[in-house]
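Asks: Got a sequence here, can you build the structure:
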Amino acid sequence: RRGREVGGSRSKAAETNNRLHESRWGTRSCRHALERVMLKVMSYAIARHPRTPLGSFDMDAASCFDRIIMALGLLLCRRQGVPSGTCLMAATVLLYASFYIKTTHGISENWYSSTPENPTHGPGQGSRIGPALWVLLSCLMFIAMEESCHGAEFCDPTNTVSHQRTGDGFVDDVANVFNFGLAKMLATEYSPQQIAEGMQEEAQVWERLLYTTGGALELSKCFYYIIAWDFNKHGAPILLNPTAMPNTQISITSGSDPTLIPIEHKDASTAHVTLGVRPNPSGDTEDQGNFCFDRSGQIAEGVRHSKMARSEALMGYRHIWLPSVGYALAAWPLHAKQLHRVAIASNNAFIPKMGFCRSTCRHIIFGSKAYGGFVLTSLPDFQVVNQTTLFVQHIRLMDSVVKMLRLAYSSAKLSCGASFQLFTEPTTNLLHPPT
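Replies: Okay, the predicted model is just below:
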């Protein structure tokens, strides 16, 4: 009950009164994983269109709910208006409760509890109060980051609209971004080494803040990108790989150990997995396409070898295959050929199970009911609907997502050399489409 009061009503009150930091995603109402991925993808795109350098540093906190300093966390709860009795009850439970492990095999015989020699820190995984405390702590850290770090500043081609932020966090994952200001970097050349130095300094600030609040970085899971460019004799841009950027190794300390630990430097064309999506700074969607293809093939193989009613096949397609394969496409979309490659095997598996002939024209299967179609949602339609839904959800809020979308749209419009608004003429072929 006390956990529900802190994690439920008080969190809603903090959200309503705008007391939480905008960069904190996850464990909050209407702040989902794909929106945080969109910020990262748009940061890549805005740097890619004008060919300006950018640094991106992904960090992962180790056992964040187990390392919360309860005195600090409950003090932040009091700051949000949580009654002192609720905070005392939460602290008392942590001090005197006995903890068991419960699985499908039963409840463990052994248990643990907090003792003076081995005190328990943090509410632990699975507690109702843990996410609320972590949101308050991480918001405090983001406020400190804004005061001590520059982060990255993005602007439109006219330099009339800009957006600056140090990074974005989703629960224990944080992605910091760094540049010297987009407008400034277009006017002055900055080397990859300068990007690396600035990014290392700000990553170390986040590590110190995390350590001060009881946490620690899982350095083996941390990595960074440096987006930097060179141009051949014909003026074509070349995205530099790590070997072409000497003296850009980033090393940071962890906790009380003064030893500098090197962090993995990923190639800008190498994708990474973040919140179910596989983006990379180069804009190449091949890795995401291969993952969707493999996932689609696994489901199709199961469908082909299973007996199911027509209604079950339809339900499996709509509620299992489409969300599973198309989840990431709102933030990291595939092009038409990739979508066809992903969908063809599953279409051939599902459609006969729905009672149609295997060779039935796909225009009938996916066509509108007004023209006699079955109105089965195709993967390209699913991608477009999810993209549009994500866009409409934020266009009126003027939050960081829509600001980055507007800046990316402006830079893409300039990059392709169009004199018209791109959304007003969707059928017009662009001579120089943005990459």
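Asks: Run through the chain and note the low-pLDDT ranges.
Replies: Applying pLDDT under 70 to the chain flags residues 1-11, 435.
Asks: quick one: the residue with the largest distance to the centre of it and A345, what's the gap?
Replies: The outermost residue of the chain, judged against the average C-alpha position, is C357 (40.8 Å), by C-alpha atoms, centre = their mean. Look at C357 and A345: by C-beta to C-beta, to the nearest Å, they are 17 Å apart. All C-beta atoms are positioned from the backbone trio N, CA, C, and that covers glycine.
Asks: Equivalent analysis for F154, please.
Replies: Counting by C-beta to C-beta, the gap from F154 to A345 is 40 Å.
Asks: Neighbour count for the two, which is higher?
Replies: The neighbour count for F154 versus A345, taken as other C-beta atoms under 10 Å, is higher for F154 (26 against 17).
Asks: tell me the contacts of that one?
Replies: Contact partners of F154, counting by C-beta atoms under 8 Å, 6 or more residues apart in numbering, are 43, 46, 162-164, 182, 404, 407.
Asks: name the element it belongs to?
Replies: strand 152-155 (DSSP states H and E).
Asks: what pairs with that strand, and is each one parallel or antiparallel?
Replies: strand 162-165 (antiparallel) (DSSP bridges).
Asks: May I have the partner strand exported as PDB, CA atoms only?
Replies: What follows is strand 162-165, C-alpha atoms only, in PDB (Å, rounded to 0.1, in the frame of the first residue of the first chain):
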ATOM      1  CA  SER A 162      17.100  25.000 -31.800                       C
ATOM      2  CA  HIS A 163      17.000  22.300 -29.200                       C
ATOM      3  CA  GLN A 164      19.700  21.400 -26.700                       C
ATOM      4  CA  ARG A 165      19.900  18.400 -24.300                       C
END
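Asks: quick one: it to chain centroid distance?
Replies: Here strand 162-165 shows a centroid-to-chain-centroid distance of 18 Å under the convention C-alpha atoms, centre = their mean, to the nearest Å.
Asks: which of the residues in it are buried?
Replies: Neighbour counts over strand 162-165 (16 or more other C-beta atoms under 10 Å) mark 163-165 as buried.
Asks: same question, stretch 403-417
Replies: Neighbour-count burial for stretch 403-417 [16+ other C-beta under 10 Å]: 403-413, 415.
Asks: Would you mind giving these as CSV with secondary structure and distance to M89 added?
Replies: As requested, the buried residues of stretch 403-417 are arranged in CSV below (DSSP: H, G, I helix; E, B strand; the rest coil; distance: C-beta to C-beta, whole Å):
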residue, secondary structure, distance to M89
K403, helix, 41
M404, helix, 42
L405, helix, 44
R406, helix, 46
L407, helix, 47
A408, helix, 47
Y409, helix, 50
S410, helix, 52
S411, helix, 52
A412, helix, 53
K413, helix, 56
S415, helix, 57
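Asks: List just the nearest of those to S191.
Replies: Closest approach between these and S191, by C-beta to C-beta: S411, at 22.3 Å.
Asks: Give me the nearest residue to L431, chain neighbours excluded.
Replies: G417 (6.8 Å; C-beta to C-beta, 6 or more residues apart in numbering).
Asks: Now do the contacts for L239.
Replies: So L239 contacts 227-229, 268-269, 281-282 (C-beta under 8 Å, 6+ apart).
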